[in-house]
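> no FASTA, just this:
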């Protein structure tokens, strides 16, 4: 049903450029675009799913599906060198270009008072921002706080794992030291953290990590996807909005 809806919409709108994001919409959208006769189909990969921890047969099937997406698209954008190296680009490497996420700088950060006032004044707060999902791995911080009585954790965001995280916080008796804040814009809360944590199992090139680095916070992060490229950057000029636009124009003008 998603395929036929995409095909109907593409034919009705007849856009000059079809830009697709995420695995499912990428594969179905690229196929629909080809059938509809689109002349410029661009797929942005925010992390290839075959690199995830899955059963081997699933990874093989996803690799094939991702390769077909690249085959049907005219151009493929990846966000980091890491993803470029791991792209299923057999015979199709020329279609892939690295265009990193660009962030508008400088950023006006708030005081983070909403986070600070939720914990004791002397607390050293470890904060994480992101959708509450298995791939974002916030449970690792809950487990760490369970074993460290001096650890305070602020989890900002919402998602399908909220109920699971809430139950674990209650099970471990951590209600005073681990708190869920729901969705709040990053700029409003990040100054409330003493340490920024990114325990993700999978990432593309996370905007929130760029924001944490611009805020000057100590960072603890798993080096997945493009995370290492942000952590190791001497400055963030390659991740500016201006640079992203320049690279896009150079590639597709």
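Perfect, thanks for sending it. What you see is a predicted model; the values in this text were computed from it and never measured.

> where along the stretch 51-200 of the chain do the helices fall?
56-72, 81-86, 113-116, 139-147, 162-171, 186-189 (DSSP state H, counting those that start in this stretch).

> in the stretch 101-250 of the chain, where is pLDDT below threshold?
Nowhere does the stretch 101-250 of the chain drop to pLDDT under 70.

> now the strands for it?
Here the stretch 101-250 of the chain has its strands, by DSSP state E, counting those that start in this stretch, at 125-129, 152-156, 178-182, 195-198, 219-221.

> thinking again about what came up before, in CSV: the helices of the stretch 51-200 of the chain, plus mean neighbour count.
All C-beta atoms are positioned from the backbone trio N, CA, C, and that covers glycine. Output for those, formatted as CSV (neighbours: other C-beta atoms under 10 Å):
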stretch, mean neighbour count
helix 56-72, 16
helix 81-86, 17
helix 113-116, 18
helix 139-147, 16
helix 162-171, 14
helix 186-189, 18
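
> including distance to residue 231, could those helices go into CSV?
Converted to CSV, the helices of the stretch 51-200 of the chain look like this (distance: least, C-beta to C-beta, whole Å):
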stretch, distance to residue 231
helix 56-72, 26
helix 81-86, 12
helix 113-116, 23
helix 139-147, 18
helix 162-171, 26
helix 186-189, 18
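
> quick one: closest of the ones you listed to residue 249.
Minimum separation from residue 249 across the helices of the stretch 51-200 of the chain (C-beta to C-beta) falls at helix 81-86, 19.9 Å.

> distance from the chain centre to that closest one, please.
15 Å (C-alpha atoms, centre = their mean, to the nearest Å).

> one more: stretch 68-84?
16 Å.

> and that stretch, average pLDDT?
For stretch 68-84, the mean per-residue pLDDT is 94.

> same question for stretch 39-50.
Across stretch 39-50, pLDDT averages out at 90.

> wait, residue 140 touches residue 220, no?
No - between residue 140 and residue 220 there is no contact under C-beta atoms under 8 Å: 10.5 Å.

> how deep is the residue nearest to residue 72 when sequence neighbours are not counted tucked in, by neighbour count?
What sits nearest to residue 72 in space, not counting adjacent residues and going by C-beta to C-beta, 6 or more residues apart in numbering, is residue 30, at 3.6 Å. Other residues near residue 30 number 25, with proximity taken as other C-beta atoms under 10 Å.

> surely residue 30 meets residue 43?
Yes - Residue 30 lies in contact with residue 43 (C-beta under 8 Å); the separation is 6.0 Å.

> could you name the helices and strands sitting against the helix or strand containing the residue nearest to residue 72?
In the assignment (DSSP states H and E), residue 30 maps to helix 23-35. The contact analysis (3 or more C-beta pairs under 8 Å, 6 or more residues apart in numbering; DSSP states H and E) places helix 23-35 against helix 2-13, strand 18-21, strand 41-45, helix 56-72.

> could you dump these to CSV with distance to residue 190?
Compiled in CSV, these are given as follows (distance: least, C-beta to C-beta, whole Å):
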stretch, distance to residue 190
helix 2-13, 36
strand 18-21, 25
strand 41-45, 25
helix 56-72, 33
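
> the ones you listed: which one's closest to residue 189?
Residue 189 sits nearest to strand 18-21 of all the helices and strands packed on helix 23-35, at 25.7 Å, using C-beta to C-beta.

> can you point out the buried residues in the closest one?
Neighbour-count burial for strand 18-21 flags 18, 20 (criterion: 16 or more other C-beta atoms under 10 Å).

> stretch 213-233 too?
213-215, 217, 219, 221-222, 224-227, 229-230.

> overlap in contacts, residue 30 and residue 43.
20, 69, 73 (C-beta atoms under 8 Å, 6 or more residues apart in numbering).

> list just the nearest of those to residue 34.
Using C-beta to C-beta, the shared contacts of residue 30 and residue 43 come closest to residue 34 at residue 73, 8.8 Å.

> neighbours of residue 99, how many?
By the other C-beta under 10 Å criterion, the neighbourhood of residue 99 contains 20 residues.
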